[in-house]
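[1] whatever this is, show me its structure:
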Amino acid sequence: MKWLYRVFVVGALCFGWVACASPPISTENPGEELSLEVTTERSSEAASEPLQDASPGVEPSEEAGSEPLPEPSPEAGQEAGPEGGEAEPEATPEPIPQRCQKDEACNALLTSEGLCPGDCIPQKTTTTCGGAVIHGLCKRDFTPRNNATRVIDGLEFKPGPVPDLVKEGETKSFTIEVTNTTSQAKQLALSYEVGSSWKLVQASFEGKVALDFKANEKKTLSLTVTAVQADVLTNPRSVGSIITFALFRDAFSLVGAVGYADGNDREACGSHFFPKTHCPDSPCNKSRRHYYQAKCCQGVWFPGAACCVDSDCINNGGCVDGQCVRLESRGLANTPAAGHQRFLIVLSDRLDIPSDPSKVCTNRVKELRKELKLDEFEAYFNTLSQKYLKKPAPKFEYVVLAGINTPDFNPNGQRDLNSTHAALEAYLVKKGCIQSANDFDKRMIITGNIDIGPFTGRAQTEGRMGMKKIDMYLFAHELMHTYGARDLYLDLGGTFQYLIDLMGNNLGSRGTPEFGVSWGEILWGDLNRNGVIDQFEYAVYPDSLIATELKAQLSSKGGLEVRASVMGIEKGVSKKLDIRRIKIELPDYKTDVEVIPGSTVVFTPPQVDLDAIRQKGSVKVRVVASYTFTDSNFKRVERKLSSENDVTLTP
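    Have a look, this model is predicted:
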């Protein structure tokens, strides 16, 4: 099933464990029943009634609001029937449950026998180079430079042997045969420059300003140089020059790489040495050519990497393409990359889309879909999903608004992304376009009038994003942040192993972006190595919520430590949720605090009576939570939990 997301865009001027099908996890006190769960469904129709579907040649409806949003398109692989309904899909045989191999994971929850009722998908569990290993480094977009013979204006330059790599401190001698291939006399003006990684010791042509050649005459130029500075980290896409001769309108270079020698701050990796940390600029991260950590994996040096295998990661992290990734740390994620999602896109400050108060709430997705390249984005996302899940990508439903200018909704306010989103939400609510920002899973504003520093795009919590211009891969990049993916271009790793990845800032300039590291961060891998791809352990359409991990303990420092988490119940199975905050209440003491699910909060006197709690041996704890998602009909649904339990103190 292809996931659907509804996106709301406003145009602009200039531009973050259940392997088997098991019953819900019980509380600390199995005899205690959960309090009645409140389930509230909020239809998206009410929020979207004022939105109009703008189509050329179609006048807006005169009824209250405007034309309703288009009905969701048929599922992938289904066609509309002759009466406008859906054709009966061809019956597909149920897969035969199978046992996945060690380095595979299932794209469904395992059966009680530990069998996979879906596909077993290979999992990459070690850090390897996806490109070419050159000079001990992983290079993804390397342009070879070799010392080939060249003829320039009748003069043939033929280099002698040059080592593949010279280490710092070594002195080498090289020769270049120069032959006049013409029947006329030639003169070679000696204008040359020695590469910054080398120091000229001596040369046969020193002190000369030119060399005269008779017809067909051959001369040998010789030079001796010392490698003074390693350049294998500073020339990630090619090889540096030893010496370059300027010739007429051309040039001839003798090329060679300089590697690191052994030293106190160096680490051996295969037959090479590399600095344990690298800081060529001040401040260190000024040009992102630095790294604070690196790993040697199977003889290859990965700048910026934290792991080669899972055992390199602490706190139950899994190693994904050199980075330690934890399910408990989901970055900016507010939803899994699954299910149906609603997406608001607002194009603001566009000179070609004048402000029109009567069309503020008009959904222009048909008009602007091609310009936004939404079809290309969905095709790209689907290709990734098929690769890692063998499932279609999420389904998206977009609401695209345009003709809204920053002076309309934020005339005097701050232009940072958070303030811009807040002002835009208030404006759209006032105009009746939406009920609240909670009507959508994801929200994007595209305008040149946002302050996001030196970046072209940025993402924040709660699915909020901003871009200064329309760019399909930038759109995908920022969206992946809201599923939990990190940036990979912030140190030298982005120049080497992550160079062509989407989150390494390849926005199409180096071909179709790959998805290194991100596939594990957005739950498309098996980080806990339990044989199930993580996404399938998360609830997409939870039927209810349940309080879990309830624990209370008197600390040695004079406080009451309380911990709780929340999971979703989906078709009778307890699953994880992307829920950022829950409330822990102590009803007997009328005190509460909001916390991250699974974290521990400490209550101290006079908030609580520790002696009374110690004497009773338990404490009453209420867990309050709310989770809103988009169902398969694109309706926004809110599940609420208010669960009160008498939790026995842990010794």
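[2] would you map the strands across the stretch 551-651 of the chain?
    560-570, 573-575, 582-586, 591-595, 600-603, 618-630, 636-648 (DSSP state E, counting those that start in this stretch).
[3] send me the last one as CSV with only the CA atoms.
    Pointing back at strand 636-648 there. Extracted C-alpha coordinates of strand 636-648, given in CSV (Å, rounded to 0.1, in the frame of the first residue of the first chain):
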residue,chain,number,x,y,z
ARG,A,636,-7.2,13.2,11.6
VAL,A,637,-7.8,11.0,14.7
GLU,A,638,-6.8,11.7,18.3
ARG,A,639,-6.3,8.9,20.8
LYS,A,640,-6.2,9.9,24.4
LEU,A,641,-5.0,8.1,27.5
SER,A,642,-5.7,8.7,31.2
SER,A,643,-4.4,5.6,33.0
GLU,A,644,-4.3,5.4,36.8
ASN,A,645,-2.4,2.6,38.5
ASP,A,646,-1.2,1.8,42.0
VAL,A,647,2.5,1.2,41.4
THR,A,648,4.4,-1.0,43.9
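[4] want to throw the strands of the stretch 551-651 of the chain into a markdown table with mean pLDDT?
    Output for these, formatted as a markdown table (pLDDT from 0 to 100):
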| stretch | mean pLDDT |
| --- | --- |
| strand 560-570 | 97 |
| strand 573-575 | 96 |
| strand 582-586 | 97 |
| strand 591-595 | 96 |
| strand 600-603 | 96 |
| strand 618-630 | 97 |
| strand 636-648 | 97 |
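[5] which one of these lies nearest to residue 528?
    Among the strands of the stretch 551-651 of the chain, strand 573-575 comes nearest to residue 528, with 13.7 Å by C-beta to C-beta. Quick note: C-beta positions are derived from backbone N, CA and C, even for glycine.
[6] the residue sitting nearest the centre point of the chain in helix, strand or coil?
    Note on the chain: the residue nearest the mean C-alpha position is residue 485, at 3.0 Å, using C-alpha atoms, centre = their mean. Secondary structure, DSSP: H, G, I helix; E, B strand; the rest coil: residue 485 is coil.
[7] for the spatially closest residue to it that is not a sequence neighbour, what are phi and psi?
    Distances taken as C-beta to C-beta, 6 or more residues apart in numbering place residue 518 nearest to residue 485, at 4.0 Å, with adjacent residues excluded. Per-residue torsions, residue 518: phi -60, psi -40 (degrees, to the nearest 10).
[8] before we move on, what about the one 4 residues further on?
    Recorded main-chain torsions at residue 522 are phi -100, psi 20, according to degrees, to the nearest 10.
[9] excluding chain neighbours, what is closest to it?
    residue 483 (4.1 Å).
[10] do residue 279 as well
    residue 290 (5.0 Å).
[11] surely that neighbour and residue 234 touch.
    No - counting by C-beta atoms under 8 Å, residue 290 does not reach residue 234; the two are 11.3 Å apart.
[12] quick one, helices of the protein?
    Ranges of helices in the chain, per DSSP state H, are 44-48, 365-372, 374-389, 406-409, 417-431, 472-481, 518-521, 610-616.
[13] so what secondary structure elements neighbour the last one?
    Contact partners of helix 610-616 among helices and strands, from 3 or more C-beta pairs under 8 Å, 6 or more residues apart in numbering; DSSP states H and E: strand 544-554.
[14] run the chain-centre distance for the strand it packs on.
    31 Å (C-alpha atoms, centre = their mean, to the nearest Å).
[15] touching that strand from outside, list them.
    24-25, 27-28, 34, 37, 39, 560-569, 574, 577, 598, 610, 613-614, 618-619, 621, 623, 625, 627, 639-641, 643, 645, 647-651 (C-beta atoms under 8 Å, 6 or more residues apart in numbering).
[16] pull out the buried residues from those residues.
    24, 27-28, 34, 37, 560-569, 574, 577, 610, 613, 619, 621, 623, 625, 627, 639, 641, 643, 645, 647-649 (16 or more other C-beta atoms under 10 Å).
[17] just tell me which of the helices of the chain ends up closest to residue 492.
    So among the helices of the chain, helix 518-521 is nearest, using C-beta to C-beta, at 18.7 Å.
[18] what are the bridge partners for residue 451, then?
    residue 416 (DSSP bridges).
[19] what separation do you get for it and residue 415?
    Distance of residue 451 to residue 415, given as C-beta to C-beta, to the nearest Å: 4 Å.
[20] I'd say residue 322 and residue 129 touch.
    No - Residue 322 is not in contact with residue 129 according to C-beta under 8 Å; the separation is 9.9 Å.
[21] anything in contact with each of those two?
    residue 497.
[22] who has more neighbours, these two?
    Legend: neighbour count by other C-beta atoms under 10 Å for residue 322 and residue 129, higher for residue 322 (27 against 19).
[23] that one and residue 127, how far apart?
    For residue 322, the distance to residue 127 equals 4 Å [C-beta to C-beta].
[24] what touches both of these two?
    The contact lists of residue 322 and residue 127 share 295, 297, 302, 305, 307, 308, where a contact means C-beta under 8 Å, 6+ apart.
[25] could you point out where this structure is predicted with low confidence?
    Counting by pLDDT under 70, the ranges of the chain that qualify are 1-92.
[26] at 80 instead, please
    1-95, 248, 315-316 (pLDDT under 80).
[27] hang on, the earlier thing: make JSON lines from the strands of the stretch 551-651 of the chain and add distance to residue 372 to it.
    What follows is the strands of the stretch 551-651 of the chain, written out as JSON lines (distance: least, C-beta to C-beta, whole Å):
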{"stretch": "strand 560-570", "distance to residue 372": "32"}
{"stretch": "strand 573-575", "distance to residue 372": "33"}
{"stretch": "strand 582-586", "distance to residue 372": "36"}
{"stretch": "strand 591-595", "distance to residue 372": "37"}
{"stretch": "strand 600-603", "distance to residue 372": "43"}
{"stretch": "strand 618-630", "distance to residue 372": "20"}
{"stretch": "strand 636-648", "distance to residue 372": "23"}
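[28] of those strands, which approaches residue 244 most closely?
    strand 618-630 (59.8 Å).
[29] quick check: residue 217 vs residue 160, distance?
    Remark: distance between residue 217 and residue 160 (C-beta to C-beta) = 18 Å.
[30] now do the strands in the stretch 251-400 of the chain.
    So, for the stretch 251-400 of the chain - with DSSP E, counting those that start in this stretch - the strands run 257-259, 266-269, 272-275, 294-297, 300-303, 318-320, 323-325, 340-348, 362-363, 395-404.
[31] other SSEs contacting the last one?
    Contact here means 3+ C-beta pairs under 8 Å, 6+ apart; on that basis strand 395-404 packs against strand 7-10, strand 340-348, strand 362-363, helix 365-372, helix 374-389, helix 417-431.
[32] ok and it relative to helix 472-481, angle-wise?
    120 degrees (axes from the mean of the first three to the mean of the last three C-alpha atoms, to 10 degrees).
[33] in strand 395-404, which residues are buried?
    Those would be 395, 396, 397, 398, 399, 400, 401, 402, 403, 404, for strand 395-404 by 16+ other C-beta under 10 Å.
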